[in-house]
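A.B. asks: Sequence first, then the predicted structure, then my questions.
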Amino acid sequence: MSQLVVLTGVTGFIAKRIALDLLEAGHTVRGTLRNATRADEVRDALRPRLSDPAALDRLSFAEADLAKDDGWREAMEGADALVHTASPFPMSQPRDENAIIRPAVDGTLRALGAAGAAGVTRVVLTSSVVAIEARDKRGAFTEEDWTDTAHPKATAYYKSKTLAERAAWDFVARHPDMRLTTINPALVLGAPLDRHYGTSLALIERILSGKDPMVPDVGFGVVDVADISAMHLAALERPESIGHRFIGSNGTMTMPRIAQHLAARFPDRGIATRIAPKPLLRVFGLFDPSVRGILPSVGTAPTFDNTKAREVLGIDFTAPLAAIDQAADAVLARD
């Protein structure tokens, strides 16, 4: 059944792909953006990838900022569902962690509040595995796990995603008519729809730049953006997803392994593959906030159980190296 779906942060790397898949599935999309001047960017990204360019007639935009109340009533008017993807994604740790935590939490509550006021009761929220993995545990993480915000790994970004998702579930508990599903992606790679992908592929950009003499021994789950988009669409269309979290990850990769793979593919890039000793990283961290932010994760490689996404949402995940290759090709095409 076709629905009018409000998609927040429609200019984002993940959101653009969700917009494409929603339109391809016959839904109508109203994308929110902070600046209406970026509407043409989204249209231009989607137009050549739609099987029927006329589907763009089912795409509209609403100007709304997660930090302000203005525009949200109009954005939600007449909608059937909300897909909330918008959230701050910093490259390095802010001096004041509330600079990222408060916008994430308040923005989520603002979007949910506006949806509820408009009678929109179906919500799919983009969270993250960082709301799951910062805790001591043996074995693979599942949707039953929650990040401990006091854990050494819990940076401001981890806290922002955890507290925002917690706030969403608490909101639903206070409003029983709301039906929530959360999607918890790992590191999202794969092919962007255009050159405007922000900091989403920053890790691949940094490795390909060859500017670092060594790489830290840090591991993380990897997933393709197409799979994460498919998870959102399936969650929206399958009632059995309501009330559940779904991990989006298809295997753990370490930075040295990614660097080795890309160095073999692009031998002229000067990509470092040596593992950086942790004491040296501590020194680098004094000058580079992005290095300082990963120090608690050095030497760790969390694994995630994606059984629920496969069995309930029907996702056939892309191989991690394929997602890495597509991301690398997109980065080099933008050079």
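C.D. replies: Looks like it came in fine. Residues are numbered from 1 along each chain as shown.
A.B. asks: buried sites along the helix or strand bottoming out on mean pLDDT in the chain?
C.D. replies: Least confident helix or strand of the chain, by mean pLDDT, DSSP states H and E, is helix 289-292 with a mean of 78. Using 16 or more other C-beta atoms under 10 Å as the test for burial, helix 289-292 gives 291-292. For glycine as for every other residue, the C-beta is placed from the backbone atoms N, C-alpha and C.
A.B. asks: Which SSE is immediately downstream of that helix?
C.D. replies: helix 307-312 (DSSP states H and E).
A.B. asks: What does the pLDDT read for the nearest residue to residue 51 once chain neighbours are set aside?
C.D. replies: In this structure, residue 51 finds its nearest non-sequential neighbour in residue 24, 6.4 Å apart by C-beta to C-beta, 6 or more residues apart in numbering. For residue 24, the pLDDT comes out at 98.
A.B. asks: Same question for residue 92.
C.D. replies: Looking at residue 92, the pLDDT reads 57.
A.B. asks: pretty sure residue 104 is touching residue 162, no?
C.D. replies: No. Counting by C-beta atoms under 8 Å, residue 162 is not a contact partner of residue 104; they are 9.3 Å apart.
A.B. asks: coming back round to it: helices or strands up against the least confident helix or strand of the chain?
C.D. replies: helix 278-285 (3 or more C-beta pairs under 8 Å, 6 or more residues apart in numbering; DSSP states H and E).
A.B. asks: circling back: go ahead and measure how far the least confident helix or strand of the chain is from the middle of the chain.
C.D. replies: Centre-to-centre, helix 289-292 and its host chain are 20 Å apart (C-alpha atoms, centre = their mean, to the nearest Å).
A.B. asks: got it, and stretch 72-82?
C.D. replies: 22 Å.
A.B. asks: Between the two ends of it, how far is it?
C.D. replies: Distance across stretch 72-82, first residue to last, is 12 Å (C-alpha to C-alpha, to the nearest Å).
A.B. asks: which residues are in contact with it?
C.D. replies: Identification of contacts with stretch 72-82 by C-beta atoms under 8 Å, 6 or more residues apart in numbering yields 3-6, 8, 30, 32, 62, 64, 110-115, 117-118, 120, 122-124, 236.
A.B. asks: isn't residue 162 right up against residue 146?
C.D. replies: Yes. Residue 162 lies in contact with residue 146 (C-beta under 8 Å); the separation is 6.9 Å.
A.B. asks: anything in contact with each of these two?
C.D. replies: Counting by C-beta under 8 Å, 6+ apart, the contacts common to residue 162 and residue 146 are residue 131.
A.B. asks: Helices - which of the contacts of stretch 72-82 land there?
C.D. replies: 110-115, 117, 236 (DSSP state H).
A.B. asks: just the buried members of the residues you listed?
C.D. replies: The neighbour-count criterion (16+ other C-beta under 10 Å) marks 110-112, 114-115, 236 among the ones in helices among the contacts of stretch 72-82 as buried.
A.B. asks: Let me have these in JSON lines, extended by distance to residue 221 and pLDDT.
C.D. replies: Listed next are those as JSON lines, based on distance: C-beta to C-beta, whole Å; pLDDT from 0 to 100:
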{"residue": "110", "distance to residue 221": "29", "pLDDT": "97"}
{"residue": "111", "distance to residue 221": "26", "pLDDT": "97"}
{"residue": "112", "distance to residue 221": "27", "pLDDT": "98"}
{"residue": "114", "distance to residue 221": "32", "pLDDT": "98"}
{"residue": "115", "distance to residue 221": "29", "pLDDT": "98"}
{"residue": "236", "distance to residue 221": "23", "pLDDT": "97"}
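A.B. asks: Residue 162 and residue 146: which has the busier surroundings?
C.D. replies: Taking other C-beta atoms under 10 Å, residue 162 and residue 146 do not tie; residue 162 has more neighbours (24 against 16).
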